[in-house]
Every structure is written in C-alpha cells, then in structure tokens.
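In: show me how the following folds:
(chains A and B)
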Amino acid sequence: GEDVEQSLFLSVREGDSSVINCTYTDSSSTYLYWYKQEPGAGLQLLTYIFSNMDMKQDQRLTVLLNKKDKHLSLRIADTQTGDSAIYFCARGAGSYQLTFGKGTKLSVIP
Amino acid sequence: KAGVTQTPRYLIKTRGQQVTLSCSPISGHRSVSWYQQTPGQGLQFLFEYFSETQRNKGNFPGRFSGRQFSNSRSEMNVSTLELGDSALYLCASSFGGSRGTDTQYFGPGTRLTVL
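Out: So this is what the prediction gives:
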C-alpha cells in the first residue's frame, strides 16, 4: 500500500465541520503536516504536529494524532467556501524529504 | 517577509530540450528542496540542498539535477525532456537545521509542459 494514504474526496455543507483523515505506515515519522493547495497555486502550510503530541489546536483547525494506529486527522470547524481546496497530509522523518499523501479534495456546498 | 519565489511560472518545451528552473528561498533560509507534482504520481521528492551541497536525493533519473548558490538560491535542470516530465515543480525552503525538522514553506511552482 501507499506510505501515506488519504481519501480522495470530501463534501460538506458550509458551516459544518470537515474531518480529513490520513494514515501512514512509517513509525519513524517525527513530524506530520497538513498543507492546503488551491487551484493553480503552491502548497500552503496549515499546521503540523510532533509525533509525541496527541492534539494541536490552531483557531478553526484541530489536528488529532493516534500514534498507535498511525492515524492523523484534520478537523476544520465552521467550514467556509474559501476552504474548498486539496488538503495534503505529509510526514517527515528527520530529513527534508517529505512524503505526501495523494490529497483530499474538499468541496464546500453553500 | 517575502515568500519563496519561483521563476518562470510557466514553461513550454519540446521533447529532447533541456530546461532550468529557479527558486529563491525565504530570506535566512539555507535549505531548498524540490518536488515534482503530477496527477498520476502526486508529490514526489527530487532533492534537497543546504549550503551549496546536495544532502538528500529522491528516486529520479540522472536527467534531473540541481545546484545551490552561495546566496541559497537554487536551480534545477532537466535534460533531454520527455513527455512524462510535464508537471508542476515546487520548491520549498527551510532553515535547514541538522535534525531535519524545520518547517518547509513552498513556492507557487513552475508549470512545465513538454510537447
């Protein structure tokens, strides 16, 4: 299977919460990242979490890490149409070589 | 603080040609990494440079090469272009600390089309 896996699509209604999930196989991952990519643009860093943390909150974003199950999630509260984009989960393991998932396309229905 | 800049933003080349892409990191950042993004393979790591030295390399053929200058600006070169090299090429910069944990910030990318 893939090193980092994400579901490809998620559709939510404006104002609802979105939860984007990610699983990874390499337990040596030290940092886990969430990036956002809008059409025609590069990657925007949203947030990251150290592997020794369980949760991190940053305004509307909450990251949960279950290290035992190698599962990472990104929750976006009060999802807005401007949140429509592709969200990438990535892991780093002590070098500057990030391994990315295929990305989850989030569609927000007004 | 200015972000990561990449030039050019768009390029069209034909098979067999070569191409050079440029990346200027955030001021103070000494590490530059390059990634290729395609619909089929997703985001794949090409290489990383720090202080003019390649520290890490992904699984790409030798046609893909790079270098870094003393001001931390980096270039990547692709020789003998193939149709499959059509992609968005992204560079990322970071402080480049030895633990490999500094956050990477990405530029807008260069869209390369090979005809």
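
In: mind listing the strands for chain B?
Out: In chain order, chain B shows strands spanning B:5-7, B:10-13, B:19-24, B:31-38, B:42-50, B:53-57, B:64-68, B:74-78, B:87-94, B:105-106, B:110-114, with DSSP state E as the criterion.

In: so what's the gap between the first one and the chain middle?
Out: Read it as strand B:5-7. Between the centre of strand B:5-7 and the centre of its host chain there is 10 Å, according to Cα atoms, centre = their mean, to the nearest Å.

In: for it, packing partners?
Out: Under the contact definition 3 or more Cβ pairs under 8 Å, 6 or more residues apart in numbering or on different chains; DSSP states H and E, strand B:5-7 sits against strand B:19-24, strand B:87-94. (C-beta placed from N, C-alpha, C; glycine too.)

In: how about the shortest one?
Out: Strand B:105-106 makes packing contacts with strand A:43-50, strand B:87-94 when contacts are defined by 3+ Cβ pairs under 8 Å, 6+ apart.

In: again, but for the fifth one
Out: With contacts defined as 3+ Cβ pairs under 8 Å, 6+ apart, the secondary structure elements packing on strand B:42-50 are strand A:99-100, strand B:31-38, strand B:53-57, strand B:64-68, strand B:74-78.

In: stretch A:12-27: end-to-end distance?
Out: End-to-end distance for stretch A:12-27: 31 Å, by Cα to Cα, to the nearest Å.

In: before we move on, the earlier item: and of the helices and strands packed on strand B:5-7, who's closest to chain A?
Out: strand B:87-94 (5.7 Å; Cβ to the nearest Cβ).

In: quick one: mean pLDDT for the closest one?
Out: For strand B:87-94, mean pLDDT rounds to 96.

In: pull the distance from it to the chain's centre.
Out: Once both centres are worked out by Cα atoms, centre = their mean, strand B:87-94 turns out to sit 5 Å from its chain's centre.

In: try stretch A:81-95
Out: For stretch A:81-95, the distance from its own C-alpha centre to the chain's C-alpha centre is 5 Å (Cα atoms, centre = their mean).

In: now stretch A:19-33
Out: Averaging C-alpha coordinates over stretch A:19-33 and over its chain gives two centres that are 9 Å apart (Cα atoms, centre = their mean).
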